[in-house]
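Asker: Sequence first, then the predicted structure:
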Amino acid sequence: MFYISSRGHSATSWLANQISKHHKVVCWHGTRSIPPYSLGINDLSPKDFVKGLKILEQQSDKRIYGAVHGFHGILIKDEIEKEGGRFAGIFRDPIPKISSFFHAYLWTRLSNGVLPEDYKGPTGELFKRISNEKIIKNFEKLIKKTKSKKNIIDKISNYIKYKNQKRETKRSLKKKSKPKDLEKNILLKDNSKILCELFFNICLQTFKYDNEIFKNCNNDQIILMEKMVSDKDYYQSNVWNYLMPELKDRAEINDFEVKIRVHNPNENLISKQKFEQLPKSFQQILTWFFSQQNQDLINFYKKNNYFTL
């Protein structure tokens, strides 16, 4: 059995599908339950999830079972390794990864300079006063003060549901408001503090899980997304052969080139451009997060041509 940790937006759907093309392997994506459901439905503890994988592998068909992108960071690492399974974590250049997260919530145009750049609300005041580890606590206090029961984040959440859920949800949301009206509301200057909150939390989670995996995994357990989707040899030796030594050199690589066209490896220049496109308040948030990271992690980013500040 195996488990691949990732917070998402690192080609995890592709990876699960690619691994599962082999008739002897099953790789679930984005679940904490057995049988697999969406996150939040019938979730198991890491211990019970691993116990379930072990039971499945004892069946007569002798298939290998694993999963990706359900338990984040190293939450399931000890349990999977106790049972003789393999654990790995995926890294991606933090700037494109954070940008991808933000796009998923607020569609593409919001990460390309459309947001108000010089908002003088709580976020701006925060960075004038705080530049140490208390920033998170103070930021959370400001959020509580500025939130209301019917704020823009609720509208954002509803719009995401409108885009992704079943027809019944779509019908009910259409009665409430039109998508274009929601977009206009989200882009209002008064709502930029809510968007900064969302961006801050995405950065917080990205660096938190990068740190966990970097500190607790050896080199064999770290997968670089950019190489994983573009280099067949890297995929076979550093992903497949490590996770499934029983099937060494038997990776299924049909249609591998399709992902290369979709997920071209990120070069430092591209990441720099993405950073420069962000509103100044977002650049401040990212600059602060980079300043708080362990130098060993920063060196790891640099070694792999990831963008750093």
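Answerer: Received it, and whenever you're ready, just let me know what you need.
Asker: Which of the three states applies to residue 26?
Answerer: Assigned state for residue 26: strand (three-state reduction, DSSP: H, G, I helix; E, B strand; the rest coil).
Asker: Excluding residues flanking it in the chain, which one is nearest it?
Answerer: In this structure, residue 26 finds its nearest non-sequential neighbour in residue 65, 5.1 Å apart by CB to CB, 6 or more residues apart in numbering. Just so you know, the C-beta spots here come from the backbone N, C-alpha and C atoms, and that holds for glycine as well.
Asker: That neighbour: which element?
Answerer: In the assignment (DSSP states H and E), residue 65 maps to strand 64-68.
Asker: Would you give the sheet partners of that strand, along with the direction of each?
Answerer: strand 2-5 (parallel), strand 25-29 (parallel) (DSSP bridges).
Asker: Turn those strands into a markdown table, columns for mean pLDDT, distance to residue 199 and mean neighbour count.
Answerer: Converted to a markdown table, the strands paired with strand 64-68 look like this (pLDDT from 0 to 100; distance: least, CB to CB, whole Å; neighbours: other CB atoms under 10 Å):
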| stretch | mean pLDDT | distance to residue 199 | mean neighbour count |
| --- | --- | --- | --- |
| strand 2-5 | 98 | 23 | 25 |
| strand 25-29 | 97 | 25 | 21 |
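Asker: Out of those, which gets nearest to residue 304?
Answerer: Closest approach to residue 304 among the strands paired with strand 64-68 is made by strand 2-5 (17.5 Å; CB to CB).
Asker: hmm, back to that, can you pull out the residues in contact with the strand holding residue 65?
Answerer: The list of residues contacting strand 64-68 from outside it, by CB atoms under 8 Å, 6 or more residues apart in numbering, reads 1-6, 12, 15-16, 19, 24-31, 36, 49, 53, 56-57, 85, 90, 243-244, 246-247.
Asker: Pull out the buried positions in the longest helix anywhere in the chain.
Answerer: Secondary structure of the chain per DSSP state H: the longest helix is helix 192-216. Of the residues in helix 192-216, those buried under the neighbour-count criterion (16 or more other CB atoms under 10 Å) are 192-200, 202-203, 205-207, 209-214.
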